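>>> dropping a prediction and its sequence here:
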Amino acid sequence: MITATGTTSQVTRLQPRDLRGLRSPGARNKTPAVGPPRRVLLVIDSLNGGGAERYVADLAIALRSRGWDVEVACSVAGAWAAPLRASNVPVNVLAGSLVTRRLSLRYVRALRRLLVQGRYDVVHAHLYASAAAAAAAAPRNTPLVLTEHTEGPWRSWRARAVSRWFYRRASHIVAVSTAIRNVLVDAYHVPPARIEVLSAIHALPLRPDAPQPGGERSAVVGFAGQLTPEKGADVFLRAASLVARVVPEARFVVIGDGRLRRELEALAGDLGLPEESVRFLGFRDDAADLIAGLDILAVPSRSDGTPLVVGEAMTAGVPVVASRVGGLPDQVTHRRTGLLVDPEDPEGLAAALVSLLLAPDEARQLGEAGRAYAARFSHAALVDRMEEVYSEAHQAPPHRRPSPLSARPRPTSG
């Protein structure tokens, strides 16, 4: 079920001055929660094909399979709406356009209406815009859980002020990497006791007949992720052009979509990469299977949490070459379960890729070590712990929960 709220396409932006006028209905209700939580709302900016969006879809489907009454709310739908609907998870679309990286009054109001109607036991928000909207909209007696997927290097002083506010509002904060936890503690002064590190883990099993993304059995090196600056697809293409000079039979694939796609396709041409050697596959719902068909996965991120694609590659025994940033060193141990390189370094990335392409035995050993490491973790264990987090948040007395208006930002008019 997809519902839509609102007809105007204009999105009102708030500045961090005052959310006094956004006090949620029921904010003064201090009736203690009774019984175990069973009704949860997952809130995320969109259901487009990114890692955080996949995380939410996997979590919602798993919770539904365990008997939870779970729904998803977002500003716009996207590719992950279909598997959610197929699993009987309602999807509530609350805006006519994407709300991301901003605090939207329209999104807050639509989310508040949904929360009043839905009477959820727990609200679990993901990504900046949805965390801010949920913090403003959630009633005082409804616990708020946040999962932080990124270190947020893009945030301005104003966005950082809003972030500090919604971190204070949350009863529990989950960080997907130790690097994110450290940012929350050091830059936002979140008490360490309120943060739990739970690495993102993929859920969908691989099919045994995984397709070969290169369409042939030349060595295939792949990138998988959203085509945004922080993911570093441009670094991958620059490295690919260097690899092709040494291993001309190598083929390269870019799995994923985003606003930089046309620019990246033009860059591939400018770098002299022929169409037959590099393919842009766009968003694919079988991305995990495509990753399983790679010889090497490159993850040249400028910043990142713990991307699901790394776990998918490791599970399939595909060696990973990743940037030494964010949560990637939590996932990849250099020369043991993969290779780490400096970010913004196409030459270093190319050298690492060439070293594995020319030494297939070493690549195979790293892939098998990665497979053994990935086998230690499971999505079921992640969901187990998330259920416990919901129960802990739900059982906390309302007076122990942070106030929706504590350390409140101030909106400007309009």
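Cool, got the structure.
>>> in the longest helix that the chain contains, what counts as buried?
Within the chain, and with DSSP state H defining each element, the longest helix by residue count is helix 379-395. In terms of neighbour count (16 or more other Cβ atoms under 10 Å), helix 379-395 has its buried residues at 379, 382-383, 386-387, 389-390, 392-394. All C-beta atoms are positioned from the backbone trio N, CA, C, and that covers glycine.
>>> show me the two of those residues that sit farthest apart.
When Cβ to Cβ is used, the two most widely separated members of the buried residues of helix 379-395 are 379 and 394, lying 22.3 Å apart.
>>> dump the buried residues of helix 379-395 to a markdown table, plus pLDDT and distance to residue 339.
Supplementary listing: these in a markdown table, determined by pLDDT from 0 to 100; distance: Cβ to Cβ, whole Å:
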| residue | pLDDT | distance to residue 339 |
| --- | --- | --- |
| 379 | 92 | 26 |
| 382 | 95 | 26 |
| 383 | 96 | 31 |
| 386 | 97 | 31 |
| 387 | 96 | 36 |
| 389 | 96 | 34 |
| 390 | 96 | 38 |
| 392 | 94 | 39 |
| 393 | 93 | 39 |
| 394 | 92 | 43 |
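>>> ranges for the strands of the stretch 151-300 of the chain?
Using DSSP state E, counting those that start in this stretch, the strands found in the stretch 151-300 of the chain span residues 172-175, 195-197, 220-224, 251-255, 278-282, 296-299.
>>> tell me what the shortest one is packed against?
Yep, that's strand 195-197 we're talking about. Packing partners of strand 195-197 (3 or more Cβ pairs under 8 Å, 6 or more residues apart in numbering; DSSP states H and E): strand 172-175, helix 178-186.
>>> who are the contact partners of residue 326?
When contacts are counted by Cβ atoms under 8 Å, 6 or more residues apart in numbering, residue 326 touches 150-151, 177, 179-180, 301, 303-306.
>>> again with residue 129
Shown here is residue 129, whose contacts under the criterion Cβ under 8 Å, 6+ apart are 45, 75, 99-104, 107.
>>> closest one of those to residue 374?
When the contacts of residue 129 are compared for distance to residue 374 (Cβ to Cβ), residue 45 wins out at 28.1 Å.
>>> quick one: buried ones out of the contacts of residue 129?
Neighbour counting with 16+ other Cβ under 10 Å marks 45, 75, 99, 102-104, 107 as buried within the contacts of residue 129.
>>> contacts for the longest helix of the chain, please.
33, 36-37, 40, 58-59, 62-63, 66, 121-122, 124, 143-145, 171-172, 174, 196, 198-199, 201-203.
>>> related to what we said a few turns ago, tell me the two of the contacts of residue 326 that are most distant?
Most distant of the contacts of residue 326, by Cβ to Cβ, are 180 and 301, 13.3 Å apart.
>>> more neighbours, those two?
A direct count of neighbours by other Cβ atoms under 10 Å for residue 180 and residue 301 places residue 180 higher, at 26 against 23.
>>> I'd say the more buried one and residue 304 touch.
No: using Cβ atoms under 8 Å, residue 180 and residue 304 do not qualify as a contacting pair, with a distance of 9.7 Å.
>>> give me the common contacts of those two.
150, 326-327.
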